[in-house]
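Following is a predicted model, sequence given first.
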Amino acid sequence: MEKISETERLVIKEVTYEDFDNLSVMLKDLEVMYAWEHSFSDEEVKEWIDNNIKSYREDGTGYFTIIEKESGRFAGQAGLHYSVVQDKRILEIGYIFMKEFWNKGYAYEAAMFFIKQAFHKMEEKEIYALIRPENYRSSGLAEKLGFNKISSFVKRYKEKDMIHDIYILKKDSK
C-alpha cells in the first residue's frame, strides 16, 4: 500500500488487495453496514477494491485505508468520490470504521483531512455527504464537520428505494 499522508493519529493509504481480509470483516459486519441494509459478499468486497483503484486512476479520489498509528491496525476507510445525484455530478465524502474504532474521533480526523484535500488541493467549492436519515452517527459527524442538510432524495440500491439526506459543506463556510 502506498501511504499518501497521515494525521496526528492516523496513516492514510491507498486501498489494495492486501486490505481484502480487513475490508471483509468491516463490510460484512451488519452493525457497521446497517445503513446499507446488507453486508458484502466476497465478490462485492473485491468490486469495492476494484472501484476504488479505478477511481484513484480516473479521478484521483476514492476511499482510502485508514490505519491507527499507535497500534498499526486497520481502523476503516474514508475518502472522497464523485457521485451523480439528481443529474448533478457532486464530490461526496464518506467514512466507514470498524466498531472498535467508533467514538474515538477517528472518523472526524480522517474527514477533516479529506475536506482540506477537497478545498485546497482539489480546489473544489463544495462537498456533499449523502446520509440515510436513521444513520445518526454519520449525520451527527457531518453536522460537527460543518455540513448542513439541504434536502433529501431516494436512491435505488439493491432493488430497494432508500431515502438519503443531502448535506453540503461550502468552501467559504470552512
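Perfect, I can see it now.

The worst-scoring helix or strand of the chain on mean pLDDT pairs with which strands, and in what direction?
The helix or strand of the chain with the lowest confidence, counting by mean pLDDT, DSSP states H and E, is strand 3-6 at a mean of 82. When pairing is defined by DSSP bridges, strand 3-6 lines up against strand 10-14 (antiparallel).

Give me the contact list for the strand it pairs with.
1-6, 52-53, 56, 62, 64-69, 75, 78, 106, 109-110, 113 (Cβ atoms under 8 Å, 6 or more residues apart in numbering). For glycine as for every other residue, the C-beta is placed from the backbone atoms N, C-alpha and C.

Going toward the C-terminus from that strand, what's the next helix or strand?
Downstream of strand 10-14, the next assigned helix or strand under DSSP states H and E is helix 20-27.

separation between the nearest residue to K170 once chain neighbours are set aside and I90?
The spatially closest residue to K170, leaving aside those adjacent along the chain, is E126, at 4.9 Å (Cβ to Cβ, 6 or more residues apart in numbering). Applying Cβ to Cβ, to the nearest Å, the value for E126 to I90 is 8 Å.
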